[in-house]
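Undergrad: Here is a sequence together with a model predicted from it:
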Amino acid sequence: MTKFGRLKGDKPAPKSRLGKWWRKAQKNVFVAFFVDLLTILGSALVLSLLLKTFLIRSFFIPSGSMLNTLQIDDRIIVNELVPNVVPIERGDVVVFKDPGGWLGPITPKKTNFIVAAGEFVLSAFGFVAPDSDQHLVKRVIGVGGDHVVCCDASGKLQINGQSITEPYLAKGTNPSDVKFDVTVPAGTIWVMGDNRGNSEDSRFHGDLPGKGFVSLKYVVGRAFVVSWPSKHWQWLGNYPDVFKAVPKP
């Protein structure tokens, strides 16, 4: 026996069962926390994917055609239930795919594989919108059956014989400097930008097969909020008071 009270050939005393239990418990707590964290993150990503696929989607504004309602590079959130579940109404701000010839030829952006892959993943979950420049954002002025005319004696638009006052127009902008008289076919909409003097909208595409009307099949959804930048945050209403006196077509 040595001076420390143990023979040289003796084995070390076994560790206490309490110590083993505590270390095992700590390990199990860490594993459980890690699994819970992965589950929460995975669930959040799956939920984001489902929302983006079926309910909402994000876009940014590439032009000034909707000033001053929407600024260039604003990010908006779009309700994709419109129009397949929720009907489109006059005054709605809608995002739609190019119905043919509105945007002209689009030059593909040159990017490397890593950036392209990153954009694909992030766009799948609605964090970026790389195809925003392939869509348009306008306000619905006429729905199927409406008779829309520019303009009455005071320079206001008329819908089904009712003149409307449009408070959302860009300051100093006329309702339209282009005269038109159209009846909106069923299943389509007539759209115009709030910045009427700088918006190539339905008025300017009458020479195309769609005659300036946008088929509902091209509509991605209705924009309902400006989400970024934070100083521009606002709900996007459809101004029901503007159109409440418009009779049915």
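TA: Arrived safely, thanks for sending.

Undergrad: Strands of the chain, residue ranges please.
TA: Secondary structure of the chain (DSSP state E): strands at 56-60, 75-79, 93-97, 135-142, 147-150, 157-159, 162-163, 180-183, 188-192, 214-215, 219-228, 234-235.

Undergrad: of all those, which lies closest to Thr173?
TA: With respect to Thr173, and counting by C-beta to C-beta, the nearest of the strands of the chain is strand 188-192 at 10.7 Å. All C-beta spots, glycine's among them, are computed from the backbone N, C-alpha and C.

Undergrad: re earlier: take the strands of the chain and write them to CSV, including distance to Gly104.
TA: Formatted as CSV, the strands of the chain follow (distance: least, C-beta to C-beta, whole Å):
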stretch, distance to Gly104
strand 56-60, 19
strand 75-79, 23
strand 93-97, 14
strand 135-142, 12
strand 147-150, 25
strand 157-159, 27
strand 162-163, 34
strand 180-183, 22
strand 188-192, 18
strand 214-215, 16
strand 219-228, 20
strand 234-235, 31
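
Undergrad: So what's the residue count around the closest residue to Gly144 other than its chain neighbours?
TA: Excluding the flanking residues, the one nearest Gly144 by C-beta to C-beta, 6 or more residues apart in numbering is Ala186, at 4.2 Å. Look at Ala186: counted by other C-beta atoms under 10 Å, it has 9 neighbours.

Undergrad: how close does Ala186 get to Gly142?
TA: 12 Å (C-beta to C-beta, to the nearest Å).

Undergrad: Against Val184, how distant is Lys156?
TA: Separation of Lys156 from Val184 (C-beta to C-beta) stands at 18 Å.

Undergrad: actually Val85, not the one I typed
TA: 21 Å.

Undergrad: Counting neighbours, go ahead and name the busier of those two.
TA: Neighbour tally, Val85 and Val184, criterion other C-beta under 10 Å: the higher count belongs to Val184, 23 against 10.
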